[in-house]
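*Asks:* Fold the following, please.
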Amino acid sequence: MLSSTREPAAADKLAVVTSEIREIVRQDPGGARQDPGGHSQLVADNLASLLQRVAGTTTQEIDYLIAELRALREKLQNDETRVQNAIARYTNLSQSTLHSTKVISECLANWKQSSRRAGR
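*Replies:* Residues are numbered from 1 along each chain as shown. This next block holds a predicted model:
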């Protein structure tokens, strides 16, 4: 349930991040260590910004999943209470039925004995 709605978004984000990293690498073909003029600082800042966005998105995803799991936990606890109450009502009904059947059985046995005595 959770993963089916989240996987396409995660795959899209991964593709975006991958393409942005490739773009940063293309902008710095000579390597960051060879540029004393500050171009490497720009690349580093771009990369840091990209990583912050990815980390922020990941944190938001985790927060969303935690909230969803909490809601599911609450639902399960409510269902647990409902099922326990239903079982208690069923147990009470079964005991009442057993008691009623026993009383009826005893009454029929007494009635049968008294009809045999009257018939003699």
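*Asks:* what residue ranges in the protein score low on pLDDT?
*Replies:* Counting by pLDDT under 70, the chain contains low-confidence ranges at 1-11, 14, 24-25, 27-38, 120.
*Asks:* Helices of that one, start to end?
*Replies:* Listed in chain order, the helices of the chain (DSSP state H) span residues 2-27, 39-119.
*Asks:* Generate TSV for these, with mean neighbour count as supplementary columns.
*Replies:* Where you see a C-beta, it was placed from the backbone N, CA and C, and this is true even at glycine. TSV is the format used below for these (neighbours: other CB atoms under 10 Å):
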stretch	mean neighbour count
helix 2-27	11
helix 39-119	11
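*Asks:* which residue is nearest the middle of the protein?
*Replies:* Centroid-nearest residue in the chain: Leu69, 4.1 Å away (criterion: CA atoms, centre = their mean).
*Asks:* how much space between that residue and Ala15?
*Replies:* Shown here: Leu69 relative to Ala15, a distance of 27 Å by CB to CB, to the nearest Å.
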